[in-house]
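J.: Task: produce atomic coordinates for the following.
(3 chains)
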Amino acid sequence: MEHVFTIAVKDFYLEHILESGQVFRWHKLAQNFYLLYSGSKVSLVKQDQIASLQIAVQNPEDLAYWKNFFDLQTDYELIKKSIGRRGKKVMREACEYGFGLRIARQDYFETLIAFIISANNNMKRIQRSMLLLSELYGKKIEMPEHFLALLPDEYKGIELYAFPEATDLAQVEPKELRALAGVGYRDVNIAQSAKMVASGISLEALDKLSSPKLLEALQNFAGVGPKVAACIGLFAYHRTNAFPVDVWIKRTMQRLYLNESASPKAIEREGQRRFGRYSGTAQQYLFYYAKELDKR
DNA sequence: TCCCAGGACTACT
DNA sequence: AGTAGTCCTGGG
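T.: Below is the predicted model of the structure:
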């Protein structure tokens, strides 16, 4: 059985997808080469050429999961045309800069916890906490034989972990989460939300809801407000019309389309009015570009 | 040593 | 309905 696949891709750039603040559980092994987790699965992904992706999976039937994860069936050329037409020059520059960006379809529970942690936090720290939570409370994943030949020497001994089940995370004391996973005051929110999921609130079932109802339902979880709900809606439930307003998007949207007194709610409305059903995708290009401009 | 960045939530108006 | 103050921690 084959476990390593080469897939033809377009509008796909691994670094932009994984390092744009939507996916947190990965190790960068080399340029354009990552060990990537999602839920209880793991893969090795490498992009040597712009038009092809190499992916090593645990089992051949996992290939469909990862194709879906990377949203490979969607034509981003059309989306970029649409939001480019509806936005100003900066939006078109953002699409160009963030070429190959895609909106991933991620595990519900993992995404819920990731964005609870994201409150008042930065990417490096979110990533650290997410990997720690997995190592501490996740089930160990056996290293697939065929991964070893592909891993760089210094990673051959790495231990692989699934993201914790809600039932397992629900049993951990908040104090411990804070001390061992470095989640700070978000400890109680994580524990509480894990308990809610463990006690039977089905994250899968929420996918049946309309986008407004879904975002409302997500805000019932502890530590989930409008911004975090929009992130979970966008990156787990693939609601491409969800428009998360963080400080970067706030500044950018205020400067480009509104004034500096515009509230987050008004910014969300304007984003959705202007960019329509792909406002969330537009947000992601804009977010990634705004952070880059700030670095320069 | 202090100060800053970064959303949710509470307690106000 | 809108908003000041607080929560934690790594980094300047």
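J.: Just the buried positions in stretch A:75-84, please.
T.: A:76, A:79-80, A:82-84 (16 or more other Cβ atoms under 10 Å). Any C-beta I mention is one placed from the backbone N, CA and C, and that applies to glycine too.
J.: If we only consider those, which is nearest to DNA strand B?
T.: residue A:83 (21.2 Å; Cβ to the nearest atom of the strand).
J.: With adjacent residues omitted, what lies nearest to the closest one?
T.: residue A:282 (4.1 Å; Cβ to Cβ, 6 or more residues apart in numbering).
J.: What does the one you found show for phi and psi?
T.: Residue A:282 has phi and psi values of phi -60, psi -40 when expressed as degrees, to the nearest 10.
J.: Out of the buried residues of stretch A:75-84, list just those in helices.
T.: Secondary structure from DSSP state H places A:76, A:79-80, A:82-84 of the buried residues of stretch A:75-84 in helices.
J.: Just the closest of those residues to DNA strand C, please.
T.: Distances from DNA strand C to those, taken by Cβ to the nearest atom of the strand, are shortest for residue A:83, at 26.7 Å.
J.: ok so, going back, can you lay out the ones in helices among the buried residues of stretch A:75-84 as CSV showing pLDDT and distance to residue A:5?
T.: Putting those into CSV (pLDDT from 0 to 100; distance: Cβ to Cβ, whole Å) gives the following:
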residue, pLDDT, distance to residue A:5
A:76, 97, 21
A:79, 96, 25
A:80, 96, 26
A:82, 95, 31
A:83, 94, 31
A:84, 94, 32
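J.: Can you lay out these as a markdown table showing distance to DNA strand B?
T.: Formatted as a markdown table, these follow (distance: Cβ to the nearest atom of the strand, whole Å):
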| residue | distance to DNA strand B |
| --- | --- |
| A:76 | 24 |
| A:79 | 23 |
| A:80 | 24 |
| A:82 | 26 |
| A:83 | 21 |
| A:84 | 25 |
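J.: Identify the residues contacting the closest residue to residue A:65 other than its chain neighbours.
T.: Among residues not flanking residue A:65 along the chain, residue A:41 sits closest, at 6.3 Å (Cβ to Cβ, 6+ apart). Contacts of residue A:41 were listed using Cβ atoms under 8 Å, 6 or more residues apart in numbering, and they are A:57-58, A:62, A:65-66, A:162.
J.: could you dump these to TSV with pLDDT?
T.: Shown next, in TSV, are the contacts of residue A:41 (pLDDT from 0 to 100):
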residue	pLDDT
A:57	97
A:58	96
A:62	96
A:65	97
A:66	98
A:162	96
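J.: next one: phi and psi at the residue nearest to residue A:65?
T.: According to degrees, to the nearest 10, residue A:41 has phi -110, psi 160.
J.: Please name the bridge partners of it.
T.: Judged by DSSP bridges, the bridge partners of residue A:41 are residue A:38.
J.: Equivalent analysis for the one 5 residues further on, please.
T.: Going by DSSP bridges, residue A:46 is paired in beta bridges with residue A:33, residue A:54.
J.: residue contacts, it?
T.: Taking Cβ under 8 Å, 6+ apart, one finds A:14, A:32-34, A:53-55, A:150 in contact with residue A:46.
J.: what about it, distance to DNA strand C?
T.: 27 Å (Cβ to the nearest atom of the strand, to the nearest Å).
J.: quick one: that residue from residue A:39, how far?
T.: Computed with Cβ to Cβ, to the nearest Å, the distance linking residue A:46 and residue A:39 is 21 Å.
J.: Quick check: which element contains the nearest residue to residue A:44 once chain neighbours are set aside?
T.: Leaving aside its sequence neighbours, residue A:44 sits nearest to residue A:56 (Cβ to Cβ, 6+ apart; 4.1 Å). Here residue A:56, judged by DSSP states H and E, is contained in strand A:52-57.
J.: Check which helices and strands that strand sits against.
T.: If you count contacts as 3 or more Cβ pairs under 8 Å, 6 or more residues apart in numbering; DSSP states H and E, strand A:52-57 packs onto strand A:4-8, strand A:41-49, helix A:63-69.
J.: C-alpha coordinates for the longest one, PDB please?
T.: Taking only C-alpha atoms (Å, rounded to 0.1, in the frame of the first residue of the first chain), the coordinates of strand A:41-49 have been written out as PDB:
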ATOM      1  CA  LYS A  41      -4.000  12.500  12.700                       C
ATOM      2  CA  VAL A  42      -0.500  13.400  11.600                       C
ATOM      3  CA  SER A  43       1.100  13.800   8.200                       C
ATOM      4  CA  LEU A  44       4.400  15.000   6.600                       C
ATOM      5  CA  VAL A  45       3.800  17.600   4.000                       C
ATOM      6  CA  LYS A  46       6.400  19.000   1.600                       C
ATOM      7  CA  GLN A  47       6.200  21.400  -1.300                       C
ATOM      8  CA  ASP A  48       9.300  21.400  -3.500                       C
ATOM      9  CA  GLN A  49       7.500  22.900  -6.500                       C
END
